[in-house]
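>>> Can you look at this prediction? I've put the sequence above it.
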Amino acid sequence: TASQAAEERGWHLYLVGGAVRDLLLAEAAAGTLMITDIDLVVDGFHKSADVGAGVELAKALQEIYPVARLEIHGAFQTAALLWHKDQDLDSLWVDIATARTEFYPYPAANPEVEASSIRQDLYRRDFTINALALRLTSPRAGDLLDFFGGLLDLEAKQVRVLHANSFIEDPTRIYRGVRFAVRFGFAIEPRTEEYIRYAINSGVYDRTAQTNSKTPALQTRLKTELKHILEAPYWRSALQLLDDLGALQCIHPTMSLDSKLIRQLRLLERCLRRFDPQQNLIPWQMRLEAIIAHLAPKYRGKVAKNLQLQEDSIQHLQNLAAAKTEIIQSLSEYQRPSQVVQLLRKYNLEILILIALQSQRPIRRQIWQYLTVWANVQPILNGNDLKKLGYKPGPQYRQMLDDLLAKTLDGDITNPVEAQEFLAK
Ligand code: CTP
């Protein structure tokens, strides 16, 4: 339907980006394919008249499929259609952009290269495997446009960048490259690796961490990439590869994946299995918090803010050092479970997990015991029981129940009769 609508207007329509790559990979592996994002590019030949071609096409499609939601991003001349999730169908995004030519001007001196805006649109992308296009309109519908050797790289299983300065311009592409490499089991092509290392050594952190009008977008994209990586099943290998490349320095110059952090992340997985999903922990966010928590205390808050993490994550990371000092000091003196409970209930689950990860075994055991057992213990009698026993309801109930809970936790009372005797005293 989209290609018909484009043909009627005399435009070319192309499927580009991840969908083409995934289609070719699935075909090679004779595998099945689940596409949830489709990127289309319209090549409008009468440029001044057709700058809004993508938007016009999206509007035409929405008339045919009114269930789809239409979003228009005027500044970029792109439109997105969203088919919502229902019982049978996962949600499907279709982005329609007008071929863009403004970023990397076509090298006019080279007569061999076909001067088309789709080529220029593909040329400004990150990796050759992402710069393939499938023509959807006739004539030659079904043609694969491969200007940069993407198909060969798919076959050679390598991630190759299109431009030497790509990672300098956009360091988040380092993370994307690693994500694609690990996800598909590809190698990072040697020259591409050189460019990555060059970009990192040229002060990547200083550029990403500077606060000028451009960097918020960069930081948000870095967070988005970290989220993509840390919620994928292959997150460990990706993190390892990022570390091998020195790319964790984009987060902070002192950041590295040492054996301590690896052990902490392993422990974290056990916590996540135990507490998720009842506690609504967000695994990728916890992993990122654990990674940032591994930095020296003075850097944690700044890095969390730079990455524009959620306010509660920033709070956990800023309060971690003080909370850890208090908890470690108190827990090494406390003997009774009731004392542990009284201390630890001031803190939320996330911060306790982060502290447990960083602590020695005895402290970690106490926190774990609190989280899995003691935090769930109820006093042997409840408010109703107190009422039945003839105690006058009022604010004193809280203290009575607290005392009962402490005695229950410490094993001093084990049944209602003992509880009543205790209250009578
Ligand atoms: N792109 C880029 N530089 C970035 C982000 C994106 O050049 N920093 C380009 C890539 O060519 C990519 C396209 O924009 O193919 C669309 O981006 P996105 O949807 O994020 O990537 P996909 O390749 O579709 O990846 P995925 O399968 O993970 O969605």
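That came in fine, so what should we check first?
>>> Go ahead and confirm Ile168 touches Gly203.
No. Judged on CB atoms under 8 Å, Ile168 makes no contact with Gly203 at a distance of 9.7 Å. In short, each C-beta sits where N, CA and C put it, glycine included.
>>> Which positions in the one helix or strand Leu272 maps to come out as buried?
Using DSSP states H and E, Leu272 maps to helix 259-275. Burial within helix 259-275, assessed by neighbour count using 16 or more other CB atoms under 10 Å, is assigned to Leu261, Gln264, Leu265, Leu267, Leu268, Cys271, Leu272, Phe275.
>>> tell me which of those residues is nearest to Leu13?
Distance to Leu13, by CB to CB, is smallest for Leu272 among these, at 43.5 Å.
>>> tell me the contacts of the residue in the chain that the ligand sits nearest to?
Nearest to the ligand, among the residues of the chain, is Gly18, at 2.4 Å (CB to the nearest ligand atom). By CB atoms under 8 Å, 6 or more residues apart in numbering, the contact list for Gly18 reads Asp37, Asp39, Asn130.
>>> Quick one, which of those are buried?
Applying 16+ other CB under 10 Å to those flags Asp39, Asn130 as buried.
>>> got CSV for the contacts of Gly18, with distance to Tyr299, pLDDT and secondary structure too?
Formatted as CSV, these follow (distance: CB to CB, whole Å; pLDDT from 0 to 100; DSSP: H, G, I helix; E, B strand; the rest coil):
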residue, distance to Tyr299, pLDDT, secondary structure
Asp37, 35, 88, strand
Asp39, 37, 94, strand
Asn130, 33, 98, helix
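>>> Name the nearest of the contacts of Gly18 relative to Asn382.
Distances from Asn382 to the contacts of Gly18, taken by CB to CB, are shortest for Asp37, at 52.2 Å.
>>> where's the worst-scoring helix or strand of the chain on mean pLDDT relative to the chain centroid, distance-wise?
Across the helices and strands of the chain, mean confidence by mean pLDDT, DSSP states H and E is lowest for helix 204-209: a mean of 73. Centroid separation for helix 204-209 versus its chain: 20 Å, with CA atoms, centre = their mean, to the nearest Å.
>>> Remind me what it packs against, helices and strands.
In terms of contacts (3 or more CB pairs under 8 Å, 6 or more residues apart in numbering; DSSP states H and E), helix 204-209 is packed against helix 215-230.
>>> CA atoms of the helix it packs on as CSV?
This file holds the C-alpha atoms of helix 215-230, laid out as CSV (Å, rounded to 0.1, in the frame of the first residue of the first chain):
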residue,chain,number,x,y,z
THR,A,215,25.4,17.3,25.1
PRO,A,216,22.1,16.6,26.8
ALA,A,217,21.0,14.8,23.6
LEU,A,218,24.3,12.8,23.6
GLN,A,219,23.9,11.8,27.2
THR,A,220,20.3,10.7,26.7
ARG,A,221,21.4,8.6,23.7
LEU,A,222,24.2,7.1,25.8
LYS,A,223,21.6,6.2,28.5
THR,A,224,19.3,4.7,25.8
GLU,A,225,22.2,2.6,24.4
LEU,A,226,23.1,1.4,27.9
LYS,A,227,19.5,0.5,28.5
HIS,A,228,19.3,-1.4,25.2
ILE,A,229,22.5,-3.3,26.2
LEU,A,230,21.7,-3.9,29.8
